[in-house]
Structures are given as C-alpha cells and as structure tokens.
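>>> Have a look at this prediction, sequence included:
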2 protein chains.
Amino acid sequence: MSTPGPRRITIKDVAELAGVGVATVSRVLSGGSASAETRERVLDAATKLDYRPSALGRNLRQQRSGGVALLVPDITDGFYARLCDGVLSCARSYREPVTIGVTGDDAEQEADLVGGLLEQSMDRIIAVPTGDGEMWASAVRAGLNVVFADRRVWSPGQHARALDEVPAVLTDDRAGLRTAIEYLTGLGHRKIGFLARQGMSHRVAAFREVMGDLLDEDLVVFARASRDSAYAAAAGLFQRRADLTAVIAGGNMLGEAAVLAARELYVRIPRDLSLIMFDDVPWAELCSPPLTVIAQPASDVGYRAAELVLRHGRRPRTVSLPTELIVRSSCAPRR
Amino acid sequence: MSTPGPRRITIKDVAELAGVGVATVSRVLSGGSASAETRERVLDAATKLDYRPSALGRNLRQQRSGGVALLVPDITDGFYARLCDGVLSCARSYREPVTIGVTGDDAEQEADLVGGLLEQSMDRIIAVPTGDGEMWASAVRAGLNVVFADRRVWSPGQHARALDEVPAVLTDDRAGLRTAIEYLTGLGHRKIGFLARQGMSHRVAAFREVMGDLLDEDLVVFARASRDSAYAAAAGLFQRRADLTAVIAGGNMLGEAAVLAARELYVRIPRDLSLIMFDDVPWAELCSPPLTVIAQPASDVGYRAAELVLRHGRRPRTVSLPTELIVRSSCAPRR
DNA sequence: AATGATGATGGAATCGTTTCCATGAGCACT
DNA sequence: AGTGCTCATGGAAACGATTCCATCATCATT
C-alpha cells in the first residue's frame, strides 16, 4: 500500500488549463514562436500549477542527458579539488549538474567510468586524461564532447587526428619549469631532481627539455598515485643520490612526500636540499620552511574547461594558462 | 547534413535477433524468470550486438533518474574532499554516478541545488546540510531520499518528526571535544577559545556543554565560509583576548587561519598559545610546530552515508563514528 | 479425460517531453 | 476576388525502456 501521492504536473495539465495543445506549451516554454496572448495564457497556467518540466522526458526525447561529467585522478588532491570547484562554479551558472568520477590515474577505471557515462547518454565531459589514447579516440568517435583539462592525451600514430581536435585547457608547465630551473641554476644548482607521478609525462618531458645538458635521467623518479608511493619515491631518491642539491616536486602530494622524507632522513631544507613544488597550496606557507612553489590557476583551468564544453561556440584548440613562481624559503644557494 | 551515424542498438534489435518479444528481453536482462533456452538466446543476441541498455528509457519509465547527489559546503576543504572520495568509492561499486554540488554553507544556494535535483528526478541525496530545516522537511515530504553526513539539521518545532527520521552519519564531535578539552585542562589551561564557522552550531553546542563552568562565551567566535573570514576571526580573537591560553579550531581551514594569524601577531605556538585543530590533514604534520588534532574518519563518513542511501535496507537512525586525539606538538602546559 | 494450477511469453500501454507535419487563418499583392 | 505567403496552432509520432495483462502450453490431480 504505497502512498498514492499527488500526481506529477505534466505539460499536458498546463496545456489543458491554458486551453491549448501540448505542442504550443512546449514551444512557449522553450522560446519558440507564439502569439502574445497564447504565451501569456500558457505562462499563467504554468505558474498557477507550479509546473516543472521533467528532465527525464526531455532527455529521452533529445537522446542526451543534460549535465557535464568531470573525471579527475584524485579529488583528495588539493589541485584537482580546486579544478573541480572551478568546473562546478561555471556549471552552476548554466544550471547544469556535474557528475564527478575519480580515475585514480588508472586507465582501466577511466575506461569504466567513460563507459558508464555513455550508458547514461552523457555527451559532455571534462577529463584529466590518463593515458589511453585509443580509448579517448573511440569515445570522441562515439560522439562524446570531450574537453581535456590540466593535461591532454599523448596521441600516438593514427588517432592523432581525432584527439588533436579535442580542446584542452592546460597550464604552461614548460614556462613554469623554465623559470624554476633558471632560478635554481642561478643559485648554483646543477644536480636537479624531478619527482613525478604516473600521468605526468608531459611535465617530465618539459623538465627534460628545459634541463638540456644538465639532465641526469637517474634523477627523475616516478611514483604511483598513492601517498605511500610518493614517499617511497622521494626517500629513495634522497638516499640513492647524496649529490642531489635541488629537487622539483611535480605536484603537491609529491612535495608533501619530499618534505616528509627529507625530515625523516635528516636532510635539511633548504640547507642540504632546495625544494620547489608544483602547485601553491595553502599549507605551503605554513610549512617549515615555507615552500617555494610554481603556482597554477587550478580553479581557472576548471572554469575555462567548463566554459568550453558548455558554451559550445567557437572552440579554440587549446588554452594555456600562465604559472607563477612564488619564492618563499625552501631554496638556498648551493653550498 | 548531419552524420546519419550507426543507429543506437535498442532492446528491440535484441528481441528481433533472439526471436523473442521485447518484454522477454527486458525480463532476462533484469533477472526476471525465463526458460533456460530463451535466456541463453537473449544473452547471446545481446552480446553479439553489444547491446547497452539506455539509462534514459529506463529512467523515464521508472520516473526516477539513477545516481546519487552529494551536497557539500566546500569541495576545496580537505575534509569534504575526503568525504566526497568516500561517497564516490562506495557509489562506484554500485555503478551509480554521483552528482556533486557545492553549497558554500549558504541556505539559498542549497535550496537552489535541491530544486535542480528534483527537476532531474534525482531521488537520493547525501547532504552536509546548511541550516534551513523547513526546506529539508519539504524535500523529504516530496519523496526525496535524504541521508545527512557530518552534521544533521537542527529541527525546530513541527517538522522535527520528519527530519528525525532522516538517517545521518556523524562523527562523535562531543567525545572528541571532551578528550581535547580534558587534555588542555590537564595542561592547566582554563581560558579556552573556540573558532567556529557558520554551520558548525552542533560543534559549538558540544563545546559549550563540555566546557561547563569554564565556558567564556566571549571566547567562541564565528567566521563565514571564506579563508579571509576565518583569518579575521582568528586574528580578532587573539588580539582581543590576551588572556587566552588555548584555542580549538573547528575545522582545518580555521586551524590554518589560526596558525597564520598567530604567526602574523607574533603569538608563539605552543609557548604562548596551545592549538588543537579538528581534522587531521596531511599538512598538520608538516606544519611548524606539528599540530595536535582531533582526527575524523572523513572518508568513512562518506562511505557509510553512501551505503545508507544506496542499500536502502534496514536504515539505522544515526551512525556515529569515533574521533581520535592525535597529540603532536602544538600544545604546552600553561605558563 | 476434464479441470486447474503454474509458468513462459509477447503485445501494448506507459512515462513526459520535443518535433514533424498538416491545417487553417490572416494578410498582402496582383 | 483570387492567389500565394507567412504564421500560429494542435495532433500524433517518436525516444527506449519496464510492466501489466492476456494468451497459451505444459503438467499434475481428480
């Protein structure tokens, strides 16, 4: 014996009360043409009945569900949290709901999530992609409206074409790294390490390029997505190479791990080791010593990506947002 | 001239290929009864055609869209980020998409978001509620399946009944505060302040109660949702009351503000002021000095809340998860 | 052998919207 | 007045699933 409950008010009810056909109501409500008088009658009836169109009916008819999907590697990472916030705040102004998925920087989970979205007939997605070019290419072919954020997928061979069409909002990692590395070399550092995480190949590539002759391949290390793995990578690097005098952490979790590992191993920052971290998180200033960082406009990245996917107007290929080196106290001249 | 594209595979195609009616296909696919042979034929056809049921059709028919909504005050706050992560990870195992909204601790935005969800026919929602009992009561009456997380709405007067039925997953703030306050009084502190944010009235109430005779109403201050406001509140308190010897920050953003304000005002922690912060964030250990915190299982809160809203089985009224005092170096005996 | 119970099955209705198409009215122009 | 054009308008057909209900076969019981 379930509650009968008040039946939902449909477009039919409105049509009836206004004395017009449902088609007319639909037109009026979605801005089509109608005579002034009819329009008023319909609007009146709709208000009187407190009519709310059902997204369900509309979605089925239009063969697409509204809203935007957002895929990030880890929502617990301050950077991606801010990125989400940017997306959310833009989507809000369009009154579009946002569905969030966490990939954990894992290609399989990513593919799973995209599959789920297709099933939901979501056709707009903002993604921080994780690797698999093939998957993204086929998603694009399937009609998915993709915008990449923070990084784009490296396009190997044939699907290059399809993926290069995908708009992306990135930060200018290369410029940030160049500034950071110039700052470090200016302090006399030559042995500079890089702490990366899987999926940061773009940053690693930029690091390699900017370092040029100074590059020591043995000084760039990769961690998996977890905090533990980041710690292990940092500690490993510090122990293995005592000649290291400076290190750049590719993200705030890597930076956190570096500070922790340094403390654990009695490596003093900045006396023994200079540290620069990607991403200016609030605690960078609270840390001891306060960390010199490469600040990224995470929230703007999200906002712009959302604009791109929602406005759907002219779509520029790629937007690149500036980074900024914020000097605090975690770097010192090489001794 | 739009691409005709491969028509979507519907249940009808499967029925045709299997030589059965659509009803039978639907039954087989959703676990109804069917003869072994029919079942096999249908399953075969479905695989052969790579059939994916359309969530749109199903949703319209069942008058509800799948998925869960999640409302948090601020996704940029590490605590809520972890809460989201917990929800996401539980929802993932049910293959349910999660729609996230940010309320900014603002009742109006919250009401807006809930309205949007209703329009989408979302009927399951996990919320960190912000105040307006009337709104939540009417949402529940409208058939929305609500689970509160982290805090519940204070139910004034008549809708108490409806809202008390709403399940909630909370942390045991009271116990956490009791432990913290006992620890502080054990160190000799008597003038203990509390930094709160709007929407933390439950914690403030607990603080008041546990403090008992020691309570000085002038020492509990409220900030709005922003970082700036948190800083202003902390700085204001420190300047106004030089006799303050200990303070408890109601959340990690408040704690951050407290550390910053103390540094700015040359208040030394823990020498001049002992500090305990709600929520153990990774940087608490990196801070100088490392912060003593009341740890909360944020992720579990989200996970349990998601279970409650998804399993829909026996629904316990309220789940309370334990907190833990983690002693680091931000508290010292009163001098 | 007749009757009833059980279970598998498919046709058709339904959910609420948008959109195609036919109709008819009104108007301007020849 | 006749012709043609532009509009507003409403009926009906989608969209793709679930589910009610009637039908029919099979089998057991009397």
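Right, received. Where do you want to start?

>>> CA atoms for contacts and neighbours, from now on please.
Will do.

>>> Residue numbers of chain A in contact with DNA strand C?
A:8-12, A:22-24, A:26-27, A:29-30, A:52-58, A:60-62 (CA under 7 Å from any atom of the strand).

>>> out of those residues, which touch chain B?
Applying CA under 8 Å from any CA of the partner chain to those, one finds that A:52-57, A:60 fall near chain B.

>>> Give me the subset of those residues that lies in strands.
The members of these all map outside strands under DSSP state E.

>>> Between those, identify the one with the most neighbours.
residue A:56 (26 neighbours; other CA atoms under 10 Å in any protein chain shown).

>>> show me what contacts that one?
B:56, B:59-60, B:63-65, B:120-121 (CA atoms under 8 Å, 6 or more residues apart in numbering or on different chains).

>>> Among the residues you listed, which one sits closest to residue B:271?
Nearest to residue B:271 among the contacts of residue A:56: residue B:120, at 54.5 Å, using CA to CA.

>>> What count of nearby residues applies to the closest one?
Around residue B:120 there are 23 residues (other CA under 10 Å).

>>> buried residues in the least confident helix or strand in chain A by mean pLDDT?
With mean pLDDT, DSSP states H and E as the measure, the helix or strand of chain A carrying the lowest mean pLDDT is helix A:160-164 (a mean of 74). If you call a residue buried by 16 or more other CA atoms under 10 Å in any protein chain shown, then helix A:160-164 has these buried ones: A:163-164.

>>> Can you list the helices and strands that the first helix or strand past it going along the chain packs against?
Note on helix A:160-164: by DSSP states H and E, the next helix or strand toward the C-terminus is strand A:168-171. When contacts are defined as 3 or more CA pairs under 8 Å, 6 or more residues apart in numbering or on different chains; DSSP states H and E, strand A:168-171 sits against strand A:145-150, helix A:298-311, strand A:318-321.

>>> right, and these - which one's nearest chain B?
helix A:298-311 (10.0 Å; CA to the nearest CA).

>>> angle of that closest one against strand A:145-150?
170 degrees (axes from the mean of the first three to the mean of the last three CA atoms, to 10 degrees).

>>> if I pick residue A:76, what's in contact with it?
Contacts of residue A:76 by CA under 8 Å, 6+ apart are B:78, B:81-82, B:85.

>>> what does residue A:275 give?
Counted by CA under 8 Å, 6+ apart, residue A:275 has contacts A:246-249, A:269, A:291-292, A:330-331.

>>> Apply 10 Å and report the result again.
A:184, A:192-194, A:245-249, A:255, A:258-259, A:269, A:291-293, A:329-332 (CA atoms under 10 Å, 6 or more residues apart in numbering or on different chains).

>>> Which of the contacts of residue A:76 fall within strands?
Per DSSP E, the subset of those in strands is empty.

>>> Show me which pair in those is furthest apart.
It's B:78 and B:85 that sit farthest apart of these, by CA to CA, at 10.4 Å.

>>> Give me the common contacts of these two.
A:75-76, B:298.

>>> now residue A:166: how far from chain B?
Applying CA to the nearest CA, to the nearest Å, the value for residue A:166 to chain B is 19 Å.

>>> Let me know whether that residue touches residue A:317 as I believe.
Yes. Counting by CA atoms under 10 Å, residue A:166 touches residue A:317, with 6.9 Å between them.

>>> Looking at these two, which is more packed in?
residue A:166 (20 against 12).

>>> The more buried one: what's it in contact with?
A:136-137, A:140, A:145-148, A:152-153, A:315-318.

>>> Show the model's pLDDT score for it.
Looking at residue A:166, its pLDDT is 91.

>>> Quick check: the residue of the stretch 201-335 of chain A nearest DNA strand C.
residue A:312 (16.6 Å; CA to the nearest atom of the strand).

>>> Pass me the low-pLDDT residue ranges in chain A, would you?
Within chain A, the stretches falling below the threshold (pLDDT under 70) are A:1-5, A:155-160, A:313-315.

>>> ok, residue A:182 to residue A:320 distance?
Computed as CA to CA, to the nearest Å, the residue A:182 to residue A:320 distance reads 21 Å.

>>> ok, now residue A:276?
21 Å.

>>> Show me which of those two is the more surrounded one.
Ranked by neighbour count (other CA under 10 Å), residue A:276 and residue A:320 place residue A:276 first, with 29 against 13.

>>> Name the SS class of that one, please.
strand (DSSP: H, G, I helix; E, B strand; the rest coil).

>>> I figured it hits residue A:245, correct?
No. In this structure residue A:276 lies outside contact range of residue A:245 using CA under 10 Å: 11.7 Å.

>>> okay, and the common contacts of those two?
Shared contacts of residue A:276 and residue A:245 (CA under 10 Å, 6+ apart): A:184, A:331.

>>> which residues does the residue nearest to residue A:42 when sequence neighbours are not counted contact?
Excluding its sequence neighbours, the residue lying closest to residue A:42 (CA to CA, 6 or more residues apart in numbering or on different chains) is residue A:18, at 5.4 Å. Counting by CA under 10 Å, 6+ apart, residue A:18 makes contact with A:12, A:25, A:38-46.

>>> Helices - which of the residues you listed land there?
A:12, A:25, A:38-46 (DSSP state H).

>>> from those, which would you call buried?
A:25, A:38-39, A:41-43, A:45-46.

>>> These: which two are farthest apart?
Using CA to CA, those reach their maximum pairwise distance at A:38 and A:46, which is 12.2 Å.

>>> anything in contact with each of those two?
A:18, A:25.

>>> Just want the phi and psi numbers for the residue in the stretch 151-300 of chain A that DNA strand C sits nearest to.
Ranked by CA to the nearest atom of the strand, the top residue of the stretch 151-300 of chain A for proximity to DNA strand C is residue A:166, at 25.3 Å. Dihedral angles of residue A:166 (phi, psi; degrees, to the nearest 10) stand at phi -70, psi 120.

>>> which residue packs closest to whatever residue of the stretch 201-335 of chain A ends up closest to chain B, ignoring adjacent ones?
Distances between the stretch 201-335 of chain A and chain B by CA to the nearest CA are smallest at residue A:287, namely 4.7 Å. Leaving aside its sequence neighbours, residue A:287 sits nearest to residue B:287 (CA to CA, 6+ apart; 4.7 Å).

>>> Residue A:320 too?
Nearest to residue A:320 is residue A:170, by CA to CA, 6+ apart, at 4.8 Å.

>>> if I look at that neighbour, how far off is DNA strand D?
According to CA to the nearest atom of the strand, to the nearest Å, residue A:170 stands 36 Å off from DNA strand D.

>>> dump the residue contacts of that residue.
A:128, A:148-152, A:296-298, A:300-302, A:304-305, A:318-322.

>>> cutoff 7 Å now
Contacts for residue A:170 (CA atoms under 7 Å, 6 or more residues apart in numbering or on different chains) come out as A:149-151, A:301, A:319-321.

>>> Could you look up the SS state of residue A:96?
Secondary structure, three-state DSSP: residue A:96 is coil.

>>> Could you find the closest non-adjacent residue to it?
Counting by CA to CA, 6+ apart, the residue nearest residue A:96 is residue A:67, at 4.8 Å.

>>> Report the angle between the strand or helix carrying residue A:263 and strand A:274-278.
Per DSSP H and E: residue A:263 is located in helix A:252-264. Orientation note: helix A:252-264 sits at an angle of 160 degrees relative to strand A:274-278 (the same axes, to 10 degrees).

>>> what residues does helix A:252-264 touch?
A:195, A:227, A:230-231, A:234-235, A:249, A:268, A:277-279.

>>> which residue packs closest to residue A:143, ignoring adjacent ones?
Residue A:143's closest residue in space is residue A:123 (CA to CA, 6+ apart), at 7.1 Å.

>>> Look at that neighbour and say how many residues are nearby.
22.

>>> which ones are touching it?
Contacts of residue A:123 by CA under 7 Å, 6+ apart are A:64, A:144-145.

>>> Relative to residue B:223, which of the shared contacts of residue B:78 and residue B:85 is nearest.
Within the shared contacts of residue B:78 and residue B:85, proximity to residue B:223 (CA to CA) peaks at residue B:298, which comes in at 21.8 Å.

>>> That concludes my questions; thank you for your assistance.
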